[in-house]
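J.: Predicted coordinates and the sequence they were generated for:
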Amino acid sequence: MVENAASVGQKAGRREWIGLAVIALPCLLYSMDLTVLILAVPHLVADLNPSATQLLWIVDIYGFLLAGALITMGTLGDRVGRRRLLLIGAAAFGAVSILAAFSVSAEMLIASRALLGLSAATLAPSTLSLIRNMFLDAKQRSFAIGLWVASFSAGGAVGPLLGGLMLEHFWWGSVFLLNAPVMLLILVLGPILLPEFRDPHAGRLDLLSAGLSLVAVLAVIFGIKRIAELGLGWPQLAAIAGGLAVGAVFVWRQLRLEDPLFGVSLFRQRAFSGALAINILAIFVAFGSFLFVAQYLQLVLGLGPLEAGLWTAPSGLVFGAGSILAPQLLKWIARVHVIVGSLTVSAIGFVLLTQVSAADQHALFMTGFLLFCLGMAPVGTLTTDLVMGSAPPERAGAASGISETSFEFGGAIGIAVLGSILNAVYRAGMSNDGPGGEVARESLADAVGLAGEVGGEAGAAILVAAREAFTQSLNVTATICAVIALVAALLASFLLRRARAAA
């Protein structure tokens, strides 16, 4: 028998908190699989020998299908049961992970990664919507969502470490085998510890709406990612325009269906739409800024991969701690003030990053970087809590799908826009007739490689010019991020003034 939501304010017990630990497991893997493959790329290239196009699809197709299917899977959970969908997705994710691990061709790995993306799309909306129903007390729900967000940060931090350990001793497919035992554990513990929830009045799933949402999100994300990789071009712009057109048809259809895929009326709630807007801006600057962190540490300051990883490791701890501690601040400070203050702290961190140079400035860089992380950490937790608290319990799946899609859009747009600005400023600082010529203008990595080949004073000149140009591009990008963080703070102050009551 399916349990319905109890009265608002009912306290969660031991079973719910233990169930939250089970919910956190797929979230760890969700974020791990977005990053762990990067480490395995050199190994699988040597084994499977994919073409350049095939390699792009191996890396990208997981994220594409994950983003495209989130809204549909979230709504599907409302209809068939969120625990049921989570268990189905966990079983599929584990099975396809084994298939990916033993892929014998590039085509097989692409297909496996596509199925992994679809399976992963069931995990985040199911887990977040279960939290909405398991934790009816607002304070408990805020803390539970903080732990949920922290599990993603932990997955991002642990993924490269576990992946590197596996690749040190086993073949490239071993990074996928990490998923199987965890999913098996979820299949065993899920039916015991997790309650079932679904909307008892939900109608049938509109397959045309599901197809429209998939095409719209896929096309826009595809176009944005290609702009980040190739720059502006008509194919990329056509993909985005086509996706937006399909999205408009999707919204038009939702307004006319008796039982839409998700209620467009949710966006009329100030807390819901405002929280989504702030979240997109926060993710925009967070993902975009990560573009220059690794390059500055390794290619400008000259740290090795392991040393750079150790320098950035504290950021994962800061994100996780900030996500968990943010709900505790609500005991003394209004939610909108916490969000505004957090975004202001991030802006200060970015201002410090505008002052770094190509000289040995580890301390200044890390201070600015960790301040930005500290400020951003509470924003994701508190805006997600607002989104879920604004949605009725029976529509929690749809709301969680929309929330997760906003994360994907914010990240993709941030990488594309800020990545393009970073590259443009770097190229402007490296003239064609300067050290290294056109090759050094392509990217900092190309310039460093060329400097190593040339050697001597000429190589040193290329290296100095490239590092100066890149640092200048970092300063410009950090300035833009600081401005956007402050704009987001002003928007939060205006849009979320009534958020506390709405939650």
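T.: Right, received. Where do you want to start?
J.: Report the contact partners of T354.
T.: Taking Cβ atoms under 8 Å, 6 or more residues apart in numbering, we find T354 in contact with N475, A478, T479, A482. For glycine as for every other residue, the C-beta is placed from the backbone atoms N, C-alpha and C.
J.: Try it again at 10 Å.
T.: G368, L474, N475, V476, T477, A478, T479, I480, C481, A482 (Cβ atoms under 10 Å, 6 or more residues apart in numbering).
J.: Likewise for A124?
T.: A124 neighbours (Cβ under 10 Å, 6+ apart): 26-27, 30-31, 66, 70, 73-74, 86, 89, 148, 152, 400-401, 403-405, 407.
J.: Try it again at 8 Å.
T.: Neighbour list for A124: P26, C27, Y30, L70, S400, E404 [criterion: Cβ under 8 Å, 6+ apart].
J.: which of the residues you listed are buried?
T.: Neighbour-count burial (16 or more other Cβ atoms under 10 Å) applied to the contacts of A124 gives P26, C27, Y30, L70, S400, E404.
J.: Looking at the residues you listed, which one is closest to G316?
T.: When the buried ones among the contacts of A124 are ranked by distance to G316 (Cβ to Cβ), C27 comes first, at 14.0 Å.
J.: quick one: what helix or strand has the residue lying closest to the closest one once chain neighbours are set aside in it?
T.: Among residues not flanking C27 along the chain, S151 sits closest, at 4.1 Å (Cβ to Cβ, 6 or more residues apart in numbering). Take DSSP states H and E as the rule and S151 turns out to sit in helix 138-169.
J.: And the next helix or strand past that helix?
T.: Remark: after helix 138-169, the chain's next helix or strand is helix 174-177, criterion DSSP H and E.
J.: pLDDT of the host helix or strand of I88, averaged?
T.: According to DSSP H and E, I88 maps onto helix 82-101. The average pLDDT within helix 82-101 is 88.
J.: Give me the next element, helix or strand, following it.
T.: Tracing the chain past helix 82-101, the next element assigned as helix or strand by DSSP H and E is helix 106-120.
J.: which secondary structure elements does that next one contact?
T.: Applying 3 or more Cβ pairs under 8 Å, 6 or more residues apart in numbering; DSSP states H and E, we find helix 106-120 packed against helix 14-48, helix 52-80, helix 82-101.
J.: by contact count, what packs against the helix or strand I480 falls within?
T.: Assigned by DSSP H and E, I480 falls within helix 456-495. Judged by 3+ Cβ pairs under 8 Å, 6+ apart, the packing partners of helix 456-495 are helix 270-295, helix 335-353, helix 362-390, helix 396-429, helix 437-442, helix 444-454.
J.: residues of the fourth one that come out buried?
T.: The neighbour-count check on helix 396-429 (16+ other Cβ under 10 Å) flags 396-419, 421-423, 425-427, 429 as buried.
J.: Then the last one?
T.: Residues of helix 444-454 classed as buried under the neighbour-count rule (16+ other Cβ under 10 Å) are L444, A447, V448, L450, A451, V454.
J.: Distance check, the second one against L474.
T.: Going back to what we said before, that points to A447. Separation of A447 from L474 (Cβ to Cβ, to the nearest Å): 15 Å.
J.: Check the third one too.
T.: Using Cβ to Cβ, V448 is found at 15 Å from L474.
J.: re earlier: quick one, which of the contacts of T354 are buried?
T.: Buried among those by 16+ other Cβ under 10 Å: G368, L474, N475, V476, T477, A478, I480, C481, A482.
J.: for the second one, what are its contacts?
T.: Read that as L474. F292, Y296, L353, V356, L422.
J.: from the residues you listed, which two are the most distant?
T.: Of all pairs drawn from the contacts of L474, the widest gap by Cβ to Cβ lies between V356 and L422 and measures 14.1 Å.
J.: Do you know the pLDDT at L297?
T.: We have a pLDDT of 77 for L297.
J.: That one against S315, yeah?
T.: No. The pair L297 / S315 is not scored as a contact, 11.5 Å apart, by Cβ atoms under 8 Å.
J.: For S103, give me phi and psi.
T.: phi -60, psi 140 (degrees, to the nearest 10).
J.: no, scratch that, I was asking about W172
T.: Dihedral angles (degrees, to the nearest 10) for W172: phi -60, psi -30.
J.: before we move on, the earlier item: out of the contacts of A124, which is nearest to L136?
T.: S400 (15.8 Å).
J.: Would you confirm that the closest one contacts M388?
T.: Yes. Taking contacts as Cβ under 8 Å, S400 lies within contact range of M388: 6.7 Å.
J.: Quick one: classify S357 as helix, strand or coil.
T.: With DSSP: H, G, I helix; E, B strand; the rest coil as the basis, S357 sits in coil.
J.: What sits closest to it if chain neighbours are left out?
T.: Leaving aside its chain neighbours, S357 sits nearest to T471 (5.7 Å; criterion: Cβ to Cβ, 6+ apart).
J.: Would you mind confirming that the one you found makes contact with L301?
T.: No. If you go by Cβ under 8 Å, T471 and L301 don't touch, sitting 10.1 Å apart.
J.: The helix holding S151 - what's its average pLDDT?
T.: Computed over helix 138-169, the mean pLDDT rounds to 74.
J.: Show me what that helix is packed against.
T.: Using 3+ Cβ pairs under 8 Å, 6+ apart, helix 138-169 is in contact with helix 14-48, helix 123-134, helix 174-177, helix 305-329, helix 362-390.
J.: Work out the gap between it and the centre of the chain.
T.: 12 Å (Cα atoms, centre = their mean, to the nearest Å).
J.: low-scoring pLDDT stretches of the stretch 351-500 of the chain, where are they?
T.: Along the stretch 351-500 of the chain, segments meeting pLDDT under 70 span 360-361, 391-398, 431-437, 439, 498-500.
J.: If we use 50, what do you get?
T.: 499-500 (pLDDT under 50).
J.: Setting aside sequence neighbours, what's the nearest residue to G89?
T.: Nearest one to G89, counting by Cβ to Cβ, 6+ apart, is T122 at 2.9 Å.
J.: need the contact list for the one you found.
T.: Neighbour list for T122: M73, L76, G77, L85, L86, I88, G89, A92 [criterion: Cβ under 8 Å, 6+ apart].
J.: Identify the farthest-apart pair in these.
T.: Across the contacts of T122, the longest distance by Cβ to Cβ is 14.3 Å; it joins G77 and A92.
J.: quick one, which of those two is more surrounded?
T.: Ranked by neighbour count (other Cβ atoms under 10 Å), G77 and A92 place G77 first, with 31 against 17.
J.: mind checking how far that one is from I88?
T.: Using Cβ to Cβ, one gets 10 Å for the distance from G77 to I88.
J.: Walk me through the domains of this structure.
T.: The chain breaks down by automatic domain parsing into domains covering 14-205, 210-260, 265-503.
J.: count of residues packed around V249?
T.: 14.
J.: What strand or helix carries it?
T.: According to DSSP H and E, V249 maps onto helix 234-256.
J.: That helix: which residues count as buried?
T.: Residues Q236, A239, I240, G242, G243, V246, G247, F250, R253, Q254 are the ones in helix 234-256 that count as buried (16+ other Cβ under 10 Å).
J.: pretty sure the third one contacts I221?
T.: Going back to what we said before, that points to I240. No. Using Cβ under 8 Å, I240 makes no contact with I221, being 9.2 Å away.
J.: Can you tell me which of the buried ones among the contacts of T354 is nearest M108?
T.: Lowest distance from M108 to the buried ones among the contacts of T354 (Cβ to Cβ) belongs to T477, with 38.6 Å.
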